[in-house]
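1. the following block contains a protein sequence and its predicted model.
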Amino acid sequence: MDEDTYVFFGGPDLEKNALRNILLNAINATPAGDEIKWVCYYLNDPDIVDAIVNAVNRGVNVSIILDAHPRIPDINQYAIDTLCSLNSDLLTFLLASNQRLWKYLGVDWHPHLHSKFYYFSHPQPHVYIGSYNPTADKYHTGAKFTGEIGDHSISHNVLVKITETGSIRTLLEYYNSLTHATSRRYARFSCLHNKTHRSDQWSISFLPRFRSHPADALFKTISPGTRIKCAISHLKGPGTLKAFKRAIKHNADIELLIETSQRRTDNNRLTSLRNANVNVYQPRFPQYCLMHNKFIIYQSPDLQCVMLGSFNWSTRSRLLNYEIIATTSNPGIFNAFEARWNQLVASA
């Protein structure tokens, strides 16, 4: 693996709070005068929040954008109350609210700021992206939240550290766009969201967008002998299976690793996929442990890559939410995801 690229997994078979501790250690290591910029959907881990407060107090420039309307309304309240009480010019804290779409689509839905983005300027600029939300374990959140969102101190998640200058520049441009309500409102029509941003190691895309989903574009490259492995936290909503149907039509070998929660998985679609000879794995994990990974391992005679990020296979994610999607052909990253896939499937 490239020395500047790192992949980190979480799960019940790994160290508890492994991903939380990566972020926590990075916050604590950031000295005065450096920067931290985050975009979060959920942020309720008290140790993380307290570390952010300490960072601001010692002179770190901290900017955080938090979704104003997560699915669990009061889950971020500790972070909101704590950060709003800080009276410091070094802290920029934004609750990003997006207009409900019922006027236009007949549904009372907020587009969610579902991205997971953790930028640190120290010791060199780097960004963590992936599926992990900084949420506390069941002993801190209690059954009220853990029953809804799982215990992410042990759930299956991934963070990938990116240090490549061009990719960081693109991700910071995305961050800056989220600070403006007008930019968010028309994001799906912007050049930023409708362009695939390519660098030596990464191709980065954003949702919402007017152009097709990056996974759809990837699946259009299918040739004989193609193998597709998808770790899917949410599989629901009409229209989410078109890419799979196209792959099946071209005789691709497809395997899916699916979360078992009924709220996150549409069993009718699972049955349809199984009837089409798609291998579906639904491992049973400890209580409150979720399969929250969101990645695609794609292998064909002409292309070998991994697509990862915050995106779900759901209508809201595809059409409404703000998401980060990154693709790489880096052999080290590919091998890391392939090895983790084999571990997860072995537990099914």
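-> Done, it's in.

2. low-confidence ranges in this structure?
-> Low-confidence segments of the chain (pLDDT under 70): 1-5, 99-108, 138-144, 238-240, 262.

3. show me where it has helices.
-> Applying DSSP state H to the chain gives helices spanning 18-29, 46-57, 77-84, 102-105, 138-149, 165-178, 181-185, 191-194, 214-219, 242-249, 267-275, 315-319, 331-346.

4. can you tell me which of those comes nearest to Tyr281?
-> Among the helices of the chain, the nearest to Tyr281 by C-beta to C-beta is helix 331-346 (5.4 Å). (C-beta placed from N, C-alpha, C; glycine too.)

5. roughly how far does the residue lying closest to Thr179 once chain neighbours are set aside sit from Asn54?
-> Closest residue to Thr179 in three dimensions, ignoring its sequence neighbours and counting by C-beta to C-beta, 6 or more residues apart in numbering: Leu94, at 6.2 Å. Using C-beta to C-beta, to the nearest Å, Leu94 is found at 21 Å from Asn54.

6. higher neighbour count, these two?
-> Taking neighbours as other C-beta atoms under 10 Å, Leu94 and Asn54 compare with Leu94 leading, 16 against 12.

7. between the helices of the chain, which one is nearest to Ser115?
-> Here helix 165-178 is closest among the helices of the chain (C-beta to C-beta), at 7.9 Å.

8. flag every buried residue along the closest one.
-> 167-168, 170-172, 174-175, 177-178 (16 or more other C-beta atoms under 10 Å).

9. tell me who's in contact with the residue nearest to Thr179.
-> If you count contacts by C-beta atoms under 8 Å, 6 or more residues apart in numbering, Leu94 has them with 63-66, 178-179.

10. among the residues you listed, name the buried ones.
-> Buried among these by 16+ other C-beta under 10 Å: 63-66, 178.

11. so where do the strands sit in the stretch 201-348 of the chain?
-> 203-207, 227-232, 253-258, 279-281, 295-299, 304-309, 323-328 (DSSP state E, counting those that start in this stretch).

12. the fourth one pairs with which strands, parallel or anti?
-> Listed by DSSP bridges, the sheet partners of strand 279-281 and their directions read strand 253-258 (parallel).

13. C-alpha coordinates for the strand it pairs with, PDB please?
-> Extracted C-alpha coordinates of strand 253-258, given in PDB (Å, rounded to 0.1, in the frame of the first residue of the first chain):
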ATOM      1  CA  ASP A 253     -20.800 -12.400 -10.500                       C
ATOM      2  CA  ILE A 254     -22.500 -10.400  -7.700                       C
ATOM      3  CA  GLU A 255     -22.200 -10.800  -4.000                       C
ATOM      4  CA  LEU A 256     -23.900  -8.600  -1.400                       C
ATOM      5  CA  LEU A 257     -23.200  -8.200   2.300                       C
ATOM      6  CA  ILE A 258     -26.400  -6.800   3.800                       C
END
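
14. hmm, back to that, farthest pair in the contacts of Leu94?
-> Longest span within those, C-beta to C-beta: Leu66 and Thr179, 12.1 Å.

15. contacts only, for Phe8.
-> Taking C-beta under 8 Å, 6+ apart as the definition, contacts of Phe8 comprise 18-19, 22, 158-161.

16. from Tyr128, how far out is Phe334?
-> 19 Å.

17. with Cys230 instead?
-> Distance, Cys230 to Tyr128, by C-beta to C-beta: 22 Å.

18. sounds good, over and out.
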